[in-house]
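Q: coords please:
(4 chains)
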Number of protein chains: 2
Amino acid sequence: MHQPRVTIRDVAAQAGVSVATVSKVINQRYGVAADTMARVQAVISDLGYEASLVAQSLRNHRTNVIGILVADLEPFSTELLKGAADAIRGSGFELVVYSAGGRPGDMVGWEQRYLSRLSGTLVDGAVLVTPTVVDVHYGAPVVAVDPHTGSSGFPTVDADNLRGARLATEHLLSLGHRRIALLAGRADLESAKQREQVYREALAAAGVPFDESLVRVGGYDAELSRRAALELLTGPERPSAVFAANDVSAIALLKVAQSLGVRVPEDLSVVGFDNIPESALCTPPLTTIDQPIRTMGERAVEMLIQLIRGQPVERTHLTLATELVVRGSTARWDGAVRGTAA
Amino acid sequence: MHQPRVTIRDVAAQAGVSVATVSKVINQRYGVAADTMARVQAVISDLGYEASLVAQSLRNHRTNVIGILVADLEPFSTELLKGAADAIRGSGFELVVYSAGGRPGDMVGWEQRYLSRLSGTLVDGAVLVTPTVVDVHYGAPVVAVDPHTGSSGFPTVDADNLRGARLATEHLLSLGHRRIALLAGRADLESAKQREQVYREALAAAGVPFDESLVRVGGYDAELSRRAALELLTGPERPSAVFAANDVSAIALLKVAQSLGVRVPEDLSVVGFDNIPESALCTPPLTTIDQPIRTMGERAVEMLIQLIRGQPVERTHLTLATELVVRGSTARWDGAVRGTAA
DNA sequence: ATCGTTGTCGATAACGTTTTCCAACGCTAA
DNA sequence: TTAGCGTTGGAAAACGTTATCGACAACGAT
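A: Numbering: from 1, shown residues only, chains lettered A, B, ... in the order given. Modelled structure (predicted):
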């Protein structure tokens, strides 16, 4: 079945040299004469020899594989994965994807279990996407994207949530909205915390009293957001605008609004966060905060590779810029109270 | 920097046994007394020992890693990847993703290069998504999803393109359309070939004469499709309907139509193929042929794992069912000739 | 002639496992 | 007592690399 693998020993025999010499020409080490090198090269391409990555890994304590751990392959992770895949091309590393498959309940042990495989077993390092874990005490380097609250433990890449949330809230305020709800994110993530905090501050700065009943948690999740949106839109005094902490929440909200006959943006303005590709496609196209997700993925693996190589890394906490993208889901609010849906 | 890895030797020393015995308890081999086993287990969890996957791989000639090769992480591949990730969970395998990064020019050597790493170097087998390669002569098993034309070389997973294309074309015909264009797919893929062929047959069966000027190739690619769509919609006698060979093409077409002021579905009906998530979100929501992409990904890795394990696999060419999903991009055609956009 | 020096090359010990023996031991049966 | 047998444990050889170090030849300089 498995054809006999051609090994370094075969090459050595065929070329009439020792395995040591073959190894040297493979790794471009000094100390082999030009003609022997040529001879060995010839035999190598002749036999179609390829060094066993596994054996090399065992010997070198380097697998040249990095892992990316995501809770689920939703749009954010997927975009990030694309960036990671772009950055890894030509780097000499491979990318293995671990997805917990959506059930956040499974995340708990799952993350730790894979993290424990880190040092020397399979991967040389890992990118953690929206992790639940706050610190890691294994040997291999780790960088977190959209990190957990208070995770000073490892290098991070994130976006300017503070500015983004301020832009979002102020956009709604500037359109005349006063009853602005918040569809909050995953409570354990720094990004969600910051977005909520700035939302409160911006409202306060505009002199809008804070109304606890206007914040519901959507947890960055479609199903949770659907339920939260339903409460928000069928409550006693419907908000005129919603700041959704991410686009998945916003899009879920859009669907709920449509099913309820609430028109967006006439009856309800919505702004999201992330600018995932879907946000430009949905109806109406979503006004949102752009976060350069793919670039975040690229930066994360670049930083990780530097860490693995032991190279010095200039900034160990990267924060990328966010921008407001105005599309069709937000509109001026004239202040007329249209009351609850009836 | 790297804390000293705890090895099987450490466990053996600590437990007062030999490494052979430790290996036996790890792999549940017969021949170790209950109390020694318990003692070793205790030491293992005590030291937090984890066997080196690399060393195991070297010894066993099995890496427990499978590769998935995609040309690019566009929606189809991404959905397929989700299915693959689902199927792999709990299987004991890991999934490494190779993306060529979109430039089909790079695909040529790229695919072969990674394929050559197959046997024994890093992965135990691979899933090829919309490959350019038709046969592979390396040791490890391979299964192709949406295979190349005439690739009888390896096991395949695809969807019922024949039925899907027939449903699509007949749907348009039954709505009264007669000038039905085709935005064709990647010429080297069996799926594209079949979709085009059935399109022709269905038209012929309905007595509609074939018009060569109505077929343009979009290559399953957004940019190519944009250009093709532009030609199609600005040509001398605009079609009343387009069958796009995949949803990416269809969505690109939708955008071109909008920019041209061609209303969908009033002035132009569009049906896509694939039913990627985006097709439900775009404006108008796309009528399309559903192809169970995630399931295809699951089936592909399941089949591959069986192949790797040497288990017999019942069906080595899987074809999954397709269905017509009618949404908002198709409408009845009253036969009035509205002429070219003017 | 002798002595470094430089340039090539090869033997060999790792790396951390698994597996195949084989040895030792305690039994039971003759 | 001894032969035979089942049970348990260990020694050692792989798996395919790479790095270290020493051997050896050629050579110029003293």
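
Q: rest of the way, CA atoms for contacts and neighbours
A: OK.

Q: what residue in the stretch 151-300 of chain A comes nearest to DNA strand D?
A: Relative to DNA strand D, the nearest point of the stretch 151-300 of chain A is residue A:300 (27.3 Å; CA to the nearest atom of the strand).

Q: OK, contacts around that residue?
A: Each residue near residue A:300 by CA atoms under 8 Å, 6 or more residues apart in numbering or on different chains is listed here: A:84, A:127, A:143-145, A:156-157.

Q: quick check, nearest of those to chain B?
A: The closest of the contacts of residue A:300 to chain B turns out to be residue A:84 (CA to the nearest CA; 10.2 Å).

Q: chain center to the host helix or strand of that closest one, what's the gap?
A: If you go by DSSP states H and E, residue A:84 is part of helix A:75-88. On the basis of CA atoms, centre = their mean, to the nearest Å, helix A:75-88 sits 7 Å off its chain's mean C-alpha point.

Q: now the residue of chain A found nearest chain B. Nearest residue, chain neighbours left out?
A: At 4.0 Å from chain B, residue A:96 is the closest residue in chain A, using CA to the nearest CA. Closest residue to residue A:96 apart from its sequence neighbours, by CA to CA, 6 or more residues apart in numbering or on different chains: residue B:96 at 4.0 Å.

Q: measure the closest residue to residue A:94 other than its chain neighbours to residue A:332 for me?
A: Closest residue to residue A:94 apart from its sequence neighbours, by CA to CA, 6+ apart: residue A:65 at 4.6 Å. The gap separating residue A:65 from residue A:332 is 51 Å, by CA to CA, to the nearest Å.

Q: which of these two has more neighbours?
A: The neighbour count for residue A:65 versus residue A:332, taken as other CA atoms under 10 Å in any protein chain shown, is higher for residue A:65 (19 against 16).

Q: am I right that the more buried one is in contact with residue A:124?
A: Yes. With contact defined as CA atoms under 8 Å, residue A:65 counts as touching residue A:124 (5.9 Å).

Q: one step back: okay, and the beta partners of the residue of chain A closest to chain B?
A: residue A:67, residue B:96 (DSSP bridges).

Q: show me what contacts it?
A: A:65-68, B:94-97.

Q: buried ones among these?
A: Using 16 or more other CA atoms under 10 Å in any protein chain shown as the burial test, the contacts of residue A:96 include A:65-68, B:94-97 as buried.

Q: close to chain B: what parts of the stretch 51-200 of chain A are there?
A: Applying CA under 8 Å from any CA of the partner chain, one finds that the stretch 51-200 of chain A approaches chain B through A:51-55, A:57-58, A:73, A:78, A:82, A:85-86, A:89, A:94-101, A:117, A:119-122, A:139-140.

Q: what pLDDT does the residue in the stretch 201-342 of chain A that DNA strand C sits nearest to get?
A: When scored by CA to the nearest atom of the strand, the stretch 201-342 of chain A has residue A:308 as its residue closest to DNA strand C, at 17.7 Å. What the model reports as pLDDT for residue A:308 is 94.

Q: pLDDT below threshold where in the stretch 151-300 of chain A?
A: In the prediction, the stretch 151-300 of chain A carries no residues with pLDDT under 70.

Q: tell me where it has helices.
A: Taking DSSP state H, counting those that start in this stretch as the test, the helices found in the stretch 151-300 of chain A are A:161-174, A:190-205, A:222-234, A:247-260, A:278-281, A:293-309.

Q: what helices or strands is the shortest one leaning on?
A: In terms of contact count using 3 or more CA pairs under 8 Å, 6 or more residues apart in numbering or on different chains; DSSP states H and E, helix A:278-281 is assigned the packing partners helix B:278-281.

Q: which residues touch the helix it packs on?
A: By CA under 8 Å, 6+ apart, the residues outside helix B:278-281 that reach it are A:278, A:281-283, B:247, B:251, B:285-288, B:327.

Q: returning to what we had before: using TSV, please lay out the buried ones among the contacts of residue A:96 together with pLDDT and distance to residue A:131.
A: Shown next, in TSV, are these (pLDDT from 0 to 100; distance: CA to CA, whole Å):
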residue	pLDDT	distance to residue A:131
A:65	94	20
A:66	94	16
A:67	94	13
A:68	95	11
B:94	93	19
B:95	95	19
B:96	93	20
B:97	94	21
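
Q: now, among these, which is nearest to DNA strand D?
A: residue A:65 (15.9 Å).

Q: give me the domain ranges for chain A.
A: Following automatic domain parsing, one finds the domains of chain A at A:8-28+A:35-51, A:61-157+A:293-319, A:161-291.

Q: residue B:170: which of those domains is closest?
A: Evaluated with CA to CA, those place domain A:161-291 nearest to residue B:170, the distance being 27.6 Å.

Q: that closest one: how far from the chain's middle?
A: A distance of 21 Å separates the centroid of the chain from that of domain A:161-291, by CA atoms, centre = their mean.

Q: now the strands for chain A?
A: Counting by DSSP state E, one finds strands in chain A at the ranges A:65-70, A:94-99, A:125-129, A:142-145, A:156-159, A:180-184, A:215-217, A:241-244, A:269-274, A:287-290, A:317-320, A:323-325.

Q: okay, the ones you listed in TSV with distance to DNA strand D next?
A: What follows is these, written out as TSV (distance: least, CA to the nearest atom of the strand, whole Å):
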stretch	distance to DNA strand D
strand A:65-70	16
strand A:94-99	17
strand A:125-129	20
strand A:142-145	24
strand A:156-159	31
strand A:180-184	51
strand A:215-217	52
strand A:241-244	52
strand A:269-274	43
strand A:287-290	44
strand A:317-320	32
strand A:323-325	47
